[in-house]
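Visitor: my questions are about this predicted structure, shown below with the sequence.
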Amino acid sequence: MHVRFARNLSQLRHEKGVSQRQAAQALEVSQALLSHYENGIREPGLAFVVRACDYYEVSADYLLGRRPERGPAGTGSQTDPAVLVSTADVLTQLCLELCQREPACRDLFRSFAGELKQALNQEKPRGGQEGEKGPH
């Protein structure tokens, strides 16, 4: 495991203002094991990384030293339009199935679809502008 993980783990505990004993208890490991993680002596398993991310409210990428941002990838930035389109497709399929079972839902679906289309159209111009900002 990279040195950044150990440093980030220790730094987050200090920022949270908890002792190693308190953090170890919350993270369901012994104090000695947490000390080994914080000093880069041992590498944790995935279950520990997940618990630590939840406990310190950071992304795994941050904790592992892969990203400087503490939140999930894309936090504070625009949502990827491909994700929006994929989500819209899934929701459309679900709504169509619901409308087949419950015809009264059609008006609700049309309203929702219109709002979603409008939201997607608002995302496209911003995505184009950001893509055009490349190196000059």
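Guide: Alright, I've got the coordinates. Every value quoted in this text rests on a predicted model; they were computed, and no experiment measured them.
Visitor: for residue 35, what is the enclosing helix or strand?
Guide: Following DSSP states H and E, one finds residue 35 within helix 31-38.
Visitor: avg pLDDT for that helix?
Guide: Helix 31-38 shows a mean pLDDT of 94.
Visitor: can you check stretch 52-67 too?
Guide: 88.
Visitor: got the CA coordinates for it in PDB?
Guide: Taking C-alpha atoms only, stretch 52-67 is exported to PDB below (Å, rounded to 0.1, in the frame of the first residue of the first chain):
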ATOM      1  CA  ALA A  52     -12.700   4.000   7.300                       C
ATOM      2  CA  CYS A  53     -14.200   5.900   4.400                       C
ATOM      3  CA  ASP A  54     -17.600   5.900   6.100                       C
ATOM      4  CA  TYR A  55     -16.100   6.900   9.500                       C
ATOM      5  CA  TYR A  56     -14.000   9.800   8.100                       C
ATOM      6  CA  GLU A  57     -16.500  10.700   5.400                       C
ATOM      7  CA  VAL A  58     -14.100  10.600   2.600                       C
ATOM      8  CA  SER A  59     -13.900   8.700  -0.700                       C
ATOM      9  CA  ALA A  60     -11.700   5.600  -1.100                       C
ATOM     10  CA  ASP A  61      -9.700   7.400  -3.700                       C
ATOM     11  CA  TYR A  62      -8.800  10.100  -1.300                       C
ATOM     12  CA  LEU A  63      -8.000   7.600   1.600                       C
ATOM     13  CA  LEU A  64      -5.800   5.500  -0.800                       C
ATOM     14  CA  GLY A  65      -4.000   8.600  -2.000                       C
ATOM     15  CA  ARG A  66      -5.300   8.400  -5.500                       C
ATOM     16  CA  ARG A  67      -7.100  11.800  -5.600                       C
END
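Visitor: which non-adjacent residue is nearest residue 13?
Guide: Distance criterion C-beta to C-beta, 6 or more residues apart in numbering; nearest residue to residue 13, sequence neighbours excluded, is residue 23 at 4.8 Å. Using the backbone N, CA and C atoms, a C-beta is placed for each residue, glycine as well.
Visitor: tell me the spacing between the one you found and residue 44.
Guide: Look at residue 23 and residue 44: by C-beta to C-beta, to the nearest Å, they are 13 Å apart.
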